[in-house]
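Visitor: What would the 3D arrangement of this be:
(chains A, B, C and D)
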Amino acid sequence: MINKVSPDLASAVSAVQDGSVVMIGGFGDAGSPTELIHAVVDRGVSDLTVISNNAGNGLVGLAALLNGGAVRKIICSYPRSSHSVVFEELYRAGRVELETVPQGTLAERIRAAGAGIGGFYTKTSAGTPVANGKEIRIIDGEEFVFEAPLKADVALVKAQTADRWGNLTFRLTARNFGPIMCMAAAHTIVQVRRIVPLGAIDPESVVTPGIFVDTVVQVAEPMSERTAVIQERAYP
Amino acid sequence: MINKVSPDLASAVSAVQDGSVVMIGGFGDAGSPTELIHAVVDRGVSDLTVISNNAGNGLVGLAALLNGGAVRKIICSYPRSSHSVVFEELYRAGRVELETVPQGTLAERIRAAGAGIGGFYTKTSAGTPVANGKEIRIIDGEEFVFEAPLKADVALVKAQTADRWGNLTFRLTARNFGPIMCMAAAHTIVQVRRIVPLGAIDPESVVTPGIFVDTVVQVAEPMSERTAVIQERAYP
Amino acid sequence: MTTFGPKGLSVPQMAWRAAQDIPDGSYVNLGIGMPELVADHVPTGREIVFHSENGVLGAGPIAGPDEEDEELINAGKKMVTLVPGAALFHHADSFAMIRGGHIDVCVLGAFQVGTNGDLANWSTGGSDAIPAIGGAMDLVAGVKRVVVLTKHVTKTGERKLVETCTYPLTGQSVVSRIYSDLAVIDVTDGGFVAVEILEGLSIEDLASLTGGPLRPAPGIVSLAPPNL
Amino acid sequence: MTTFGPKGLSVPQMAWRAAQDIPDGSYVNLGIGMPELVADHVPTGREIVFHSENGVLGAGPIAGPDEEDEELINAGKKMVTLVPGAALFHHADSFAMIRGGHIDVCVLGAFQVGTNGDLANWSTGGSDAIPAIGGAMDLVAGVKRVVVLTKHVTKTGERKLVETCTYPLTGQSVVSRIYSDLAVIDVTDGGFVAVEILEGLSIEDLASLTGGPLRPAPGIVSLAPPNL
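Guide: Got it, this is the predicted structure:
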């Protein structure tokens, strides 16, 4: 019998270890798996490499993980925001390493890892400093840049609904990196608002099939990172 | 105002010209855009290159197009079946060229064309005759084969529901190559059972967003290729 | 505010002007900031589908107080709405639209545009700057027509239309047209060509505020936005 | 039918034997033909999710007369059903599952298996043959564990387990285990190792029907399927 439902957050994130490469879903505060991240904060792990579109806001979620010193390196597309204070301090103090990747290249590298692609050529970043040191190939007269797949030990993702097989639906733009990160990690952990019986999700509407998911945990009412930032709440 | 709905099949397929590269959706008889193919037969075009998983069955659909002499070359993964008699005759007579591609490589090459990827590396076919003459690269100690994107002038696809913007849903395993072929063709033509008002398809459940679709035409009750083959019906 | 150069178009007027050129039926991506305003000025009767790279086609206006949903945001992280016909998808599919050449037009901001169409809009190259790229490099590499919406010069009077970009590039030879507060300028093989110019501004004055060679189009006309 | 060699397992018995080794919770792809029968013999209490490369996870049994739907087929183009928990997806996503290493086990037929685990199952290399590949090359390249279900020798007595494949390869060093009508054989760095052998058949007899070196596993046991 397949039952990917974990009883609580602490058990759910037990796959995260010192030195893990961790993908974290979300774009801005939509889709941020805040409660899963906090459970990782509680584990007290260190030396993480985080792959995420942004670099956290305020003092909760990814920012809390950074603030606790758990992160050695972050690979992201857009680390700057009006509330990315923790990241900026750590970065300027040389306490966190940053690799900036164009957003589409980030997404495609993640998908490539999930799809068994050994690398691909993209026009994105050709002729820019981002392409420095990368292999360039001329295809049909245009410059393309070689990009390698980007995989992870663990992915932390927020979705809307799951069944015990790990089939997922998402909600609005909280979908963003979730489905591809589920594909690209050796162990994918998903927090969902609702867990429904097997068969309750229309097979036509499953966004992420359960094969890409290892652990599901219910967080019925996830916190609003936006509100937490405005209220200057911190975790822990 | 955007209205991609075409009044009839003949107008719908007017983008197919002599020498066009034409993707045709379907796996077996599920998802075969039979009525669109017949409209192309009626146009009397020639010298087509067809990209499709199979090579047609009986004397309808793709087999009818082949039988009419419209196809110069077919790129597919599995041209053999118990009813692929037309293709087999033409192939043995040297009257149609065949390029056989592993099914996953076919799908990934089509997606690559749709996603602006200049080429990619896959483990599939490494060490087999299919890799002969292709670039091999060792990635993490394993042999990978370079594959180029596969694009088309026109795609013929069968879906279930469309709105006037071309948003699509599919039905069961008739989905197969449809969504990726929609992405990879300069002009995508889709036959659907139902046309619904804009907004009637749940944004969460749109499988192919309208941006990938150029023309939609209603075929409320598409023929069953399976039945046509059993009954030995021919087109025209 | 414009201490250097003549008083040009207001920001809404600039956005209005850019919006006039977007054909009916276009799929359009708007950069964060000033370009977002273009959506407010689509001419009546045109149906334009707005793409937001975080996974929306058919993004509608900014959400009203009763419509706000933190899980429905645009690329600028503002809460938005969906129009009928909208579709939602994941990031790889979203960037497949961008990189695969499916988006017709994108409107971006700029630090610098070179006479050859080079665009610099992600980093001023300062050693202390935190490099943030976002989707800009993908947009310029993949979208069919890339246009720029920008003040003609910076607040401190530096030229943004330049002979050669000195800031790190976003993309090479990608910009087709520039909508500034002073002019509409095409980027051609022969350099900057003004096709519309602010009423009362001479081509010489415009040229003096432009860092690369600039010439008037044969049929140059006045840039005449409504009051906005 | 087996005019050469001893009377071995029936096809359902072979499928039964392969099914016993599939762990609870596995994602499994079954090749077209004989391997499809493996689904009928999943031990009670195990939940196994069957993948069909034409876009299904959670493919159920062959459709009964009242359930038939021409748009719900498996990779062998037979009309099937869906089980609760099934998901549908397009071909690129389906092969991302295969090629990305997400499928645990696939069971394939074979023309030849080499002592090094090479598999040939798509073409006998005849000049008149129509080359048809399907998903086999993707499966062997991507699935975590590739096993083969095959008669030990062909109808004309040719060995299918060979020193070196002479037919065009499907993949190099990909096969982990072979379920034949005579034995269960692991493909190891040291060649073929019989772990189970048909009751009454000697290892020497089995070796004589095997094209490459074969040795018994230290704990070799009898192959004892139920009557099927």
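
Visitor: which sections of chain C are below the confidence cut-off?
Guide: Along chain C, the model assigns pLDDT under 70 to residues C:1-5.

Visitor: Show me which residues of it sit near chain B.
Guide: For chain C, the residues in contact with chain B (Cβ under 8 Å from any Cβ of the partner chain) are C:24-25, C:27, C:45, C:47, C:49, C:51, C:57-58, C:82, C:84-89, C:92, C:95-103, C:141-142. Heads up, the C-betas are built off the backbone N, CA and C, glycines and all.

Visitor: which among those end up buried?
Guide: Neighbour-count burial (16 or more other Cβ atoms under 10 Å in any protein chain shown) applied to the residues of chain C next to chain B gives C:27, C:47, C:49, C:51, C:57-58, C:82, C:85-89, C:92, C:95-103, C:141-142.

Visitor: what's the next secondary structure element after the helix of greatest length in chain A?
Guide: For chain A, the longest helix by residue count, based on DSSP state H, is helix A:103-115. On the C-terminal side of helix A:103-115, the closest following helix or strand by DSSP states H and E is strand A:117-122.

Visitor: Let me see the ranges of the strands in chain C.
Guide: Taking DSSP state E, the strands of chain C run over residues C:27-30, C:49-52, C:56-62, C:80-88, C:105-108, C:112-114, C:119-120, C:145-149, C:161-162, C:175-179, C:183-188, C:191-198, C:214-223.

Visitor: Which stretches in chain A count as strands?
Guide: With strands called from DSSP E, chain A shows them at A:21-24, A:48-51, A:71-76, A:97-100, A:117-122, A:136-139, A:142-147, A:152-162, A:168-169, A:185-195, A:215-218.

Visitor: Buried residues, the fourth one. List them.
Guide: Judged by neighbour count using 16+ other Cβ under 10 Å, the buried positions of strand A:97-100 are A:98, A:100.

Visitor: Restrict that strand to CA atoms and write it as CSV.
Guide: Output of strand A:97-100 as CSV, limited to C-alpha atoms (Å, rounded to 0.1, in the frame of the first residue of the first chain):
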residue,chain,number,x,y,z
GLU,A,97,27.4,32.4,-1.7
LEU,A,98,25.1,33.5,-4.6
GLU,A,99,24.7,32.0,-8.1
THR,A,100,22.3,34.1,-10.2
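
Visitor: That one - contacts with which helices or strands?
Guide: strand A:71-76 (3 or more Cβ pairs under 8 Å, 6 or more residues apart in numbering or on different chains; DSSP states H and E).

Visitor: try it again with 10 Å
Guide: Packed against strand A:97-100, as judged by 3 or more Cβ pairs under 10 Å, 6 or more residues apart in numbering or on different chains; DSSP states H and E, are the following elements: strand A:48-51, strand A:71-76, helix A:85-92.

Visitor: just so I know, which of those lies nearest D:I32?
Guide: Proximity to D:I32, assessed across the helices and strands packed on strand A:97-100 by Cβ to Cβ, is greatest for strand A:48-51 (38.3 Å).

Visitor: and the angle from the longest helix of chain A to strand A:185-195?
Guide: Computed with axes from the mean of the first three to the mean of the last three Cα atoms, to 10 degrees, the direction of helix A:103-115 lies at 100 degrees from that of strand A:185-195.

Visitor: what about helix A:103-115 and chain D, touching?
Guide: Yes. Using Cβ under 10 Å from any Cβ of the partner chain, we find that helix A:103-115 touches chain D at A:111-115.

Visitor: The residue lying closest to A:E143 once chain neighbours are set aside: how many residues sit nearby?
Guide: Nearest residue to A:E143, sequence neighbours excluded (Cβ to Cβ, 6 or more residues apart in numbering or on different chains): A:A126, at 4.0 Å. A total of 23 residues lie near A:A126 under the criterion other Cβ atoms under 10 Å in any protein chain shown.

Visitor: doesn't A:A115 make contact with A:P149?
Guide: Yes. A:P149 is within contact range of A:A115, at 8.4 Å (criterion: Cβ atoms under 10 Å).

Visitor: quick one, which of the two is more surrounded?
Guide: Neighbours per residue (other Cβ under 10 Å) separate A:P149 from A:A115, with A:A115 holding more: 31 against 23.

Visitor: what about that one, distance to D:V162?
Guide: 33 Å (Cβ to Cβ, to the nearest Å).

Visitor: Ignoring the adjacent residues along the chain, who's closest to residue 37?
Guide: This is for chain A. A:G61 (5.0 Å).

Visitor: that's the wrong chain, I wanted chain C
Guide: C:A15 (3.7 Å).

Visitor: That neighbour: what's it in contact with?
Guide: C:9, C:30, C:34-41, C:107, C:149, C:179, C:225, C:228 (Cβ atoms under 10 Å, 6 or more residues apart in numbering or on different chains).

Visitor: Out of the residues you listed, the closest to D:G135 would be?
Guide: The closest of the contacts of C:A15 to D:G135 turns out to be C:L30 (Cβ to Cβ; 41.5 Å).

Visitor: Please name the nearest non-neighbouring residue to A:L66.
Guide: Per Cβ to Cβ, 6+ apart, closest to A:L66 is A:V86, 5.0 Å.

Visitor: same check, this time on C:F50
Guide: Among residues not flanking C:F50 along the chain, C:A59 sits closest, at 4.5 Å (Cβ to Cβ, 6+ apart).

Visitor: Need the nearest residue in space to the closest residue to chain D within chain A, chain neighbours excluded.
Guide: For chain A, the residue closest to chain D is A:G199, as judged by Cβ to the nearest Cβ, at 2.9 Å. Spatial nearest neighbour of A:G199, excluding adjacent residues (Cβ to Cβ, 6+ apart): D:P84 at 2.9 Å.

Visitor: From what I see, the one you found and A:L198 are in contact.
Guide: Yes. Counting by Cβ under 10 Å, D:P84 touches A:L198, with 4.7 Å between them.

Visitor: Mutual contacts of those two, please.
Guide: What both D:P84 and A:L198 touch, as defined by Cβ under 10 Å, 6+ apart, is the set A:163, A:165, D:58.

Visitor: Is it possible to get CSV of those residues that adds distance to A:M23?
Guide: Below are those laid out as CSV (distance: Cβ to Cβ, whole Å):
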residue, distance to A:M23
A:D163, 22
A:W165, 21
D:G58, 26
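
Visitor: ok, the residue in chain A sticking out farthest from the centre to C:P168 distance?
Guide: Distance from the C-alpha centroid of chain A, by Cα atoms, centre = their mean, peaks at A:G141 (35.3 Å). A:G141 is 24 Å from C:P168, where distance means Cβ to Cβ.

Visitor: Also C:K144?
Guide: Distance of C:K144 to C:P168, computed by Cβ to Cβ: 24 Å.

Visitor: the more surrounded of these two?
Guide: Between C:K144 and C:P168, counted using other Cβ under 10 Å, C:P168 has the larger neighbour count: 19 against 13.

Visitor: Wait, the more buried one touches C:P131, no?
Guide: Yes. The pair C:P168 / C:P131 is scored as a contact, 8.4 Å apart, by Cβ under 10 Å.
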